[in-house]
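Visitor: Provide a 3D model corresponding to the input given below.
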Amino acid sequence: MLSNAPFSTAKNFWYSAMFWLIVSMLAGLVVAIKQINPDFLYFKGQNGLDFALTYAHIRVIHTNGILLAWLSMAMVGAMFYMIPKLTRTPLWSERLGNLTCLIWNLAIAAAVVVICMGYSTGVEYAELPLPLDIGVVLLCILMSINLFMTIAKREEKQLYVSIWYFVGSLIWLPLVYIVGNVPSSLVGGTIQLNMNWFYGHNVLGLWFTTVGIGQIYYLLPKLTGKPLYSHKLSLIGFWTIATIYVWNGPHHIVNGPIPLWLMKAGIVPSVLLIIPVWTVLANVFGTMKGVWNKVSDDVSLKFLVTASIFYLMACLQGPFQALMQVSAVVKFTHWVVGHAHMAPFAAFSFVCFVTIYYAVPRLTGRNIYSKKLMDAHYYFSVIGFLMFAFTLWIAGVIQGFAWMKGTPFIETVRTVHQLIVWRAIGGSLMIIGQFFFAFNIWKSVKSGTKFVSDESAAA
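Guide: Take a look at the predicted model:
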C-alpha cells in the first residue's frame with residue numbers, strides 16, 4: 001500500500017474515491033426512498049427488539065461521504081497528479097502520499113461506524129465528532145506538506161494558473177474546516193449557526209470550487225490542443241474568489257436569527273460572485289472557439305463543457321435565492337436540496353470524472369475500455385440530475401407558497417409526493433451512471449488496449 005512508485009498516490013486516491021462514490025450515492029438513494037416510504041429498511045425483530053437504518057443517520061453518511069470521501073479524495077488525487085506534471089518534478093514523497101490515503105480511508109470508515117452508532121454533533125455538514133475533526137485537519141497538513149515541498153523543489157519556475165488555485169485551496173481548507181468544526185462545537189445558538197455556514201459555504205467556494213477550477217484550467221488545453229484563452233482572466237478569477245467568497249456564509253441564514261446588516265453582508269458578495277464565474281466561462285468558451293466540433297466525439301469535453309454550464313447555473317441560482325424575498329419562499333424546502341446538489345455533483349464531480357478519464361490511460365498505459373460506457377455514464381448522469389433537480393425545484397416552490405398560505409405541513413408532503421418519487425427515479429439514473437463509470441475504469445486498468453500517448457512525456 002505504501003508504494004513509492006510514481007503517481008501511485010494519485011491512483012490510490014482515485015480508486016478509493018470511486019469506491020466511496022458508489023457507497024455514498026447508494027446512501028443517497030436510501031434517503032430518497034425513505035422520503036417516499038419511511039419504513040424502508042425497518043426490521044421488526046423478536047422480543048420487541050426492532051432495527052432500523054434511520055433517515056438521519058443515512059443522510060449524514062450520504063452528505064459526508066460525497067463531500068469528504070468521494071469529492072475531496074478525487075480532488076486530492078487530481079492535485080497529486082497535476083502538480084508533479086505542471087512542476088516537472090516527482091512528488092516529494094509517494095510513501096507519505098499513500099500513507100495519507102490509507103489514513104483518509106480509515107477515517108472515513110470510522111466516521112461511517114460512528115455516525116451509524118448515533119454519535120454526531122447535529123450541526124449540518126459538520127456532524128463528525130471532535131476527534132475525527134482533528135484527524136481531518138492532520139490529514140490536510142500531511143497532504144499540504146507533500147504538495148508544497150513538491151512545488152518548492154520544482155524544475156518549472158513559472159507557476160501555471162492551476163497551481164495558484166491548488167495552493168490557495170490547500171491554505172484555505174484547514175482554516176475553514178477548523179473554524180466550522182472545532183470552535184463551533186464549544187459555543188451554541190446564533191454564533192454557532194453563523195460559524196457553521198461560514199464553513200458550509202466556504203468549503204464549497206474555497207475548496208471544491210477552487211480545486212475544480214484548477215482542474216478545468218489544466219484539462220482544457222490538453223483536451224482541445226489549444227492554449228488557455230487568457231491567463232490574466234484566470235488570475236482575476238482567482239483573486240476575486242479569494243476576496244469575495246469568504247463573506248457569503250450569511251446568505252444561508254437570510255430571514256433567520258441574525259442582524260439585518262449581517263444578512264445584507266451575505267447578499268451583496270453573493271451577487272458579486274458573477275465576476276469569478278464570468279472569468280471561468282469566458283476562458284472555457286474562449287479556449288473552445290474553433291474546436292466545438294470536438295465535443296460531439298469527445299465524452300471528456302462533453303463532461304467538461306457541461307460542468308462549466310452547471311457551475312454557471314449554480315452561481316446564478318445561489319445569489320438569486322439569497323435575496324430576502326426569494327429566500328422567504330424557498331427556505332427549508334426541496335428547492336434548496338436541488339440547488340445543493342448542482343455544484344458538488346453536476347459541476348465538480350463532472351470535472352473529476354474528466355480528470356480520471358484523462359489520467360488513467362496515461363498512468364496505466366491502457367486505453368479507456370469502452371467509449372459506449374463513457375457515453376452511458378455521461379447521459380445517465382446528466383439526464384438523471386436534470387430529472388432529480390427540476391422535480392425538487394418544482395416541489396420546493398409548491399411547498400414554499402403553500403406554507404406562506406398556512407397549509408398544514410403534512411398536506412404539503414402529500415402534495416409533492418409524486419415529485420419525490422420522480423426525484424428518486426432521477427437519483428437512480430445518476431447512480432446507474434456511476435456504476436458504468438466504476439466498471440469502465442476497472443476494466444480499463446485490467447484489460448484496456450495499449451495506450452499510445454498523444455503528448456510529450458512531460459505533459
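Visitor: any stretches of the stretch 151-300 of the chain with poor pLDDT?
Guide: 184-185 (pLDDT under 70).
Visitor: now the helices: where do they sit in it?
Guide: In the stretch 151-300 of the chain, the helices defined using DSSP state H, counting those that start in this stretch lie at 161-181, 189-203, 209-224, 231-244, 260-272, 274-288, 299-322.
Visitor: please put the alpha-carbon coordinates of the first one into PDB.
Guide: Same thing as helix 161-181. The C-alpha trace of helix 161-181 is given here as PDB (Å, rounded to 0.1, in the frame of the first residue of the first chain):
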ATOM      1  CA  VAL A 161      -2.600  29.200 -13.000                       C
ATOM      2  CA  SER A 162      -3.900  25.800 -11.800                       C
ATOM      3  CA  ILE A 163      -1.200  25.800  -9.200                       C
ATOM      4  CA  TRP A 164      -2.400  29.100  -7.900                       C
ATOM      5  CA  TYR A 165      -5.800  27.600  -7.400                       C
ATOM      6  CA  PHE A 166      -4.400  24.500  -5.800                       C
ATOM      7  CA  VAL A 167      -2.100  26.400  -3.400                       C
ATOM      8  CA  GLY A 168      -5.000  28.700  -2.400                       C
ATOM      9  CA  SER A 169      -7.200  25.700  -1.700                       C
ATOM     10  CA  LEU A 170      -4.600  24.000   0.500                       C
ATOM     11  CA  ILE A 171      -4.200  27.100   2.600                       C
ATOM     12  CA  TRP A 172      -7.900  27.800   2.900                       C
ATOM     13  CA  LEU A 173      -9.200  24.300   3.600                       C
ATOM     14  CA  PRO A 174      -7.800  23.700   7.100                       C
ATOM     15  CA  LEU A 175      -8.600  27.300   8.200                       C
ATOM     16  CA  VAL A 176     -12.200  26.900   7.000                       C
ATOM     17  CA  TYR A 177     -12.600  23.400   8.500                       C
ATOM     18  CA  ILE A 178     -11.200  24.400  11.900                       C
ATOM     19  CA  VAL A 179     -13.500  27.500  12.200                       C
ATOM     20  CA  GLY A 180     -16.600  25.500  11.200                       C
ATOM     21  CA  ASN A 181     -15.900  22.400  13.200                       C
END
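Visitor: what's the angle between that helix and helix 209-224?
Guide: Put simply, helix 161-181 runs at 160 degrees to helix 209-224, going by axes from the mean of the first three to the mean of the last three CA atoms, to 10 degrees.
Visitor: so which bits of helix 161-181 are buried?
Guide: For helix 161-181, a neighbour-count test (16 or more other CB atoms under 10 Å) marks 161-170, 172-174, 176-178, 180-181 as buried. C-beta: built from backbone N, CA, C; applies to glycine.
Visitor: just to revisit the earlier point, okay, the helices of the stretch 151-300 of the chain in CSV with distance to residue 364 next?
Guide: Formatted as CSV, the helices of the stretch 151-300 of the chain follow (distance: least, CB to CB, whole Å):
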stretch, distance to residue 364
helix 161-181, 23
helix 189-203, 32
helix 209-224, 17
helix 231-244, 30
helix 260-272, 43
helix 274-288, 27
helix 299-322, 16
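Visitor: right, and these - which one's nearest residue 82?
Guide: Across the helices of the stretch 151-300 of the chain, residue 82 has its closest neighbour in helix 209-224 (5.1 Å, CB to CB).
Visitor: show me what that closest one is packed against.
Guide: Helix 209-224 is packed against helix 72-87, helix 161-181, helix 231-244, helix 274-288, helix 299-322, helix 350-364, with contacts defined by 3 or more CB pairs under 8 Å, 6 or more residues apart in numbering; DSSP states H and E.
Visitor: what's the most buried one of the ones you listed?
Guide: Neighbour counts (mean count of other CB atoms under 10 Å) averaged over each of the helices and strands packed on helix 209-224 peak at helix 72-87, with a mean of 25.
Visitor: nearest to residue 113, of the helices of the stretch 151-300 of the chain?
Guide: helix 161-181 (18.8 Å).
Visitor: how far off helix 274-288 does the closest one point, in degrees?
Guide: For helix 161-181 against helix 274-288, the angle by the same axes, to 10 degrees is 150 degrees.
Visitor: among the helices of the stretch 151-300 of the chain, which is nearest residue 428?
Guide: Here helix 299-322 is closest among the helices of the stretch 151-300 of the chain (CB to CB), at 19.8 Å.
Visitor: so which elements touch that closest one?
Guide: helix 209-224, helix 260-272, helix 274-288, helix 324-330, helix 334-341, helix 350-364, helix 371-404.
Visitor: just the C-alphas of it, formatted as PDB.
Guide: Included here for helix 299-322 are C-alpha records, laid out as PDB according to Å, rounded to 0.1, in the frame of the first residue of the first chain:
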ATOM      1  CA  VAL A 299     -17.000  12.500 -24.000                       C
ATOM      2  CA  SER A 300     -14.500  14.200 -21.700                       C
ATOM      3  CA  LEU A 301     -15.100  17.500 -23.400                       C
ATOM      4  CA  LYS A 302     -18.900  16.900 -23.100                       C
ATOM      5  CA  PHE A 303     -18.400  16.500 -19.400                       C
ATOM      6  CA  LEU A 304     -16.100  19.500 -19.100                       C
ATOM      7  CA  VAL A 305     -18.400  21.900 -21.000                       C
ATOM      8  CA  THR A 306     -21.500  20.600 -19.200                       C
ATOM      9  CA  ALA A 307     -19.700  21.000 -15.900                       C
ATOM     10  CA  SER A 308     -18.900  24.700 -16.700                       C
ATOM     11  CA  ILE A 309     -22.500  25.400 -17.600                       C
ATOM     12  CA  PHE A 310     -23.800  23.800 -14.400                       C
ATOM     13  CA  TYR A 311     -21.200  25.800 -12.500                       C
ATOM     14  CA  LEU A 312     -22.600  29.000 -14.100                       C
ATOM     15  CA  MET A 313     -26.200  27.900 -13.200                       C
ATOM     16  CA  ALA A 314     -25.300  27.100  -9.600                       C
ATOM     17  CA  CYS A 315     -23.600  30.500  -9.200                       C
ATOM     18  CA  LEU A 316     -26.600  32.300 -10.700                       C
ATOM     19  CA  GLN A 317     -29.100  30.400  -8.700                       C
ATOM     20  CA  GLY A 318     -27.300  30.900  -5.400                       C
ATOM     21  CA  PRO A 319     -27.400  34.700  -5.400                       C
ATOM     22  CA  PHE A 320     -31.000  34.600  -6.700                       C
ATOM     23  CA  GLN A 321     -32.200  32.500  -3.700                       C
ATOM     24  CA  ALA A 322     -30.100  34.600  -1.300                       C
END
